[in-house]
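Student: only geometry, no sequence info:
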């Protein structure tokens, strides 16, 4: 009796709930333009995080919105958020058996295995894997890899940091010490020395110290990131902090110090936070500049080709200048640094705080970077190998030969810190 | 001087844990436990950001956050105190549902709102409230007839009923106050600590730490406030411990959780030594 | 605690349904207007989830961790041992499995490795349960909080392993278990059903089960009958830990395959807790309810592709349990 009663209750209770469920369903379906189109692409985005994170996933979500508006009714975009890497395979598989999709965008490195397996089973679906290494998909003709890379922007952030710092101490809060983040910390540190030297500060950059805290061990750790940022300020008197963490809580801490009259600066990460606050009429004082990604042009390019019936297996790794309409370097006075363009660009430059000389230098390098005429990782660079907690594993030694420019694999598997970085701080 | 800085940072950071824990003290002193703190905090964080965006006023956002906590605590009042459903399950349900609802509201586009700046009158008021609340609660609990009644309900429900105390009413009141403080705690996290922003998972387990600090502080308002503050210190000095003592970051990260477990075991040992300190029976 | 349902038919469940309806509609209202076209889309999703092979297999795959946690918890909850440590136990079970197969250098053949990992994962979960039980029995430490805190500890250890010593490649992720070690839906269902039957037999057909029930209803009475309360609590703590640990093994071998801070479960352990209460702590019903919960997860994913926020799905699960509990309470009066 107990069970039957329970089932009855559950059944009817759920029927009621599902009714409500359904009502929400249609309201959220995008209003598609009803007209005859030559071929409407059906696309699916898989997000690892919540679209409300203002970081990684939010940026991809904006990219999805970008193609939706650009193509009007020509592309139907759907997304599933908060898909854990464990469930990814089954989630995508179910959806692919339900409806015919032309393209699937898997926006997390951990979706790699899922994409590999599914690309074999669904040969007529094109898979686009974000941040994966192309070697992993070499034997799969229907997989393309793509990524928007930030190390150049981190270098420019560093130049701003080195030019602005009063204490000759800048800091970094890393989520993990994986090659991607290590590369960004190194670029930031090299840039900071450049900035200090330019301004003739901190013994021409000799006395500049770069503190990197121990890794948070999560992409999402707002409280720990905030604690690390406060620690850098309190313990070492750091006054410019860059970071890798998905909630940008480090920027919040910098802003908090500003309201208390302590000048601490930080950056935008993935989304243009300055713009976010500007929309509601607030100006961030602590915002120096930052790294912003617009995945939209990459998606637009891939889908436009697909729509024309073209699929080329490729490995996209965008830097400054890629996917811009005019990718020659411009003179400094007409530089586009700080403006939205291409797939990776600088967040608005804080012209009140960054000295004019440094602004010009940032713009010059930014323009040179468009033609790869300036590369941060050009030797000589000395450094030391680190472990996963950022502990030094050796004495500093020459890591990049003079005049040599690091290539793809050296950037992809970087496991050493530039010698001026103090770690773990 | 550096020590003072760390201590004050820890205090500003631990205010949400202290507030939520103080509300929970009242709930547990009246013989109930509401495990929904985490969900109430997340829900009100989201509401407070949405309301502050819509109205342009962080104060109204803060109040709305408090009310959001009250609304979720009403679910508890109706089901646990009214219908006598299991308090543990209802608490867990409130926690899970609150986290879901919070994301749901923010998915309507409310992510960046108006914050309460550090050092503003409103922020200072909240600091003062957090400092004076523990002694006031102590006075209420131990020096007023209502406080004695409240504790009596927590010690022995049946005796309290026989003496003619309105057990359910007292509990409804404490649960509502608990909802209010958890709501303000959640709103504080979003409006003060994260510059007026909401993001998924904003509370990051602090609601659970608040419940832990109730036991860590031995159900005494002042003790609980100190306990919550101690947890705040552990959370904010994490990087200091790794850099100065060279401890592995993971070890430092799990310390607050281990501390709560150790405290839970010590509680019994203390109450065995001093029978006068027997805690209420909320569980 | 959970009184048996009234044996005579009653109209009172309608009240529960009404509450569920109102709650569902309230949520829908937050989302926007109500439209008849929504029902059509909903209906097609519903039919798809319960008839097509891919979602059915997905549902059965998810059943592993949720049901294993839930059936073990029914025993614990019957004995009034309110642990919510199943989340951490699932994670530990999966960590141990990955260690055995990929990081232990034992290179066991799948026919040995899979049963060994099930036992090992189960014992790992049981060990966590034992710690919680021990603290409860000897120092009367509250098991809810101890188990919850342990969940966080295990989660951070997992993040440490995935981004530190076990990391491979340029991102924070471990090696994956080989194809030959992975389990299909059939193996998952067989393991889950066996565990369920084991728990059911223990609860209804053994002296131990009777002891659990007596102890849960009236601990003092149980002691006067000569039942050792310490043994009972420790036993259910370890049993529920064991089943949750096995759930973790099924998660690792069934669909997770590797560890990363991003592959952490969306709370299967907590769902197990909800399911266990939904079933009035009856293992057989819990299995059924777990299946139902898994199917809602799958349905939720599919509705999400149609634009439904995931928060809605999570809120729905909680509200279902709450409305069923309310309905059950009202019918039992």
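Tutor: Sure, I can see it. None of these values were measured; they are calculated from a predicted model.

Student: Sketch out the helices for the chain, chain order is fine.
Tutor: Using chain A. Remark: helices assigned in chain A by DSSP state H are A:2-28, A:56-71, A:88-98, A:112-121, A:151-164, A:179-198, A:222-236, A:249-259, A:273-279, A:296-307, A:356-370, A:408-412.

Student: try chain C instead
Tutor: C:13-31, C:36-51, C:53-78, C:86-98, C:110-139, C:143-163, C:185-205, C:207-217, C:219-224, C:229-251, C:268-278, C:283-305, C:310-332.

Student: Could you quantify the relative orientation of the longest one and helix C:86-98 as an angle?
Tutor: With axes from the mean of the first three to the mean of the last three CA atoms, to 10 degrees as the basis, helix C:110-139 and helix C:86-98 are set at 140 degrees to each other.

Student: middle-most residue in chain A, spatially?
Tutor: Nearest residue to the geometric centre of chain A (CA atoms, centre = their mean): residue A:270, 4.7 Å.

Student: now that residue, which residues is it bridged with?
Tutor: Going by DSSP bridges, residue A:270 is paired in beta bridges with residue A:292.

Student: Show the model's pLDDT score for it.
Tutor: pLDDT recorded at residue A:270 is 90.

Student: now do residue B:277
Tutor: Looking at residue B:277, its pLDDT reads 54.

Student: do residue C:45 as well
Tutor: 80.

Student: Can you give me the distance of it to residue C:301?
Tutor: 10 Å (CB to CB, to the nearest Å). For every residue, glycine as well, the C-beta is placed using N, CA and C.

Student: looking at it, residue C:93 is touching residue C:254, isn't it?
Tutor: No - contact criterion CB atoms under 8 Å: residue C:93 and residue C:254 do not qualify, at 11.7 Å.

Student: What residues does the stretch 151-283 of chain B have near chain C?
Tutor: Proximity of the stretch 151-283 of chain B to chain C (CB under 8 Å from any CB of the partner chain) is limited to residues B:205, B:208, B:211-212, B:215, B:248, B:250, B:253-254, B:257-258, B:260-261, B:264-265, B:267-269, B:283.

Student: My error: substitute the stretch 101-250 of chain A in the last question.
Tutor: Close to chain C, as judged by CB under 8 Å from any CB, the stretch 101-250 of chain A has residues A:108-110, A:113, A:131, A:133, A:176-180, A:215, A:217-219.

Student: Select from these the one having the most neighbours.
Tutor: Per-residue neighbour counts (other CB atoms under 10 Å in any protein chain shown) across these peak at residue A:215, which has 30 neighbours.

Student: per-residue pLDDT, that residue?
Tutor: 94.

Student: Could you check how far the residue nearest to the centre of chain A is from chain B?
Tutor: To chain B, residue A:270 is 12 Å away according to CB to the nearest CB, to the nearest Å.

Student: what does residue C:109 give?
Tutor: 33 Å.

Student: Residue C:68 is in contact with residue C:195, correct?
Tutor: Yes - in this structure, residue C:195 is within contact of residue C:68 by CB under 8 Å, at 5.8 Å.

Student: Of those two, give the one with the bigger neighbour count.
Tutor: Neighbours were tallied for residue C:195 and for residue C:68 using other CB under 10 Å; the higher tally belongs to residue C:68 (39 against 25).

Student: what residues are up against that one?
Tutor: C:90, C:191-192, C:195, C:243-244, C:246-247, C:250, C:272 (CB atoms under 8 Å, 6 or more residues apart in numbering or on different chains).

Student: Most widely separated two among the residues you listed?
Tutor: Using CB to CB, the pair of the contacts of residue C:68 lying farthest apart is C:191 and C:272, separated by 15.1 Å.

Student: In which helix or strand does the closest residue to residue A:282 other than its chain neighbours reside?
Tutor: Spatially, and ignoring its direct neighbours in sequence, residue A:282 is nearest to residue B:114 (7.2 Å; CB to CB, 6 or more residues apart in numbering or on different chains). For residue B:114, there is no helix or strand it lies in under DSSP states H and E.
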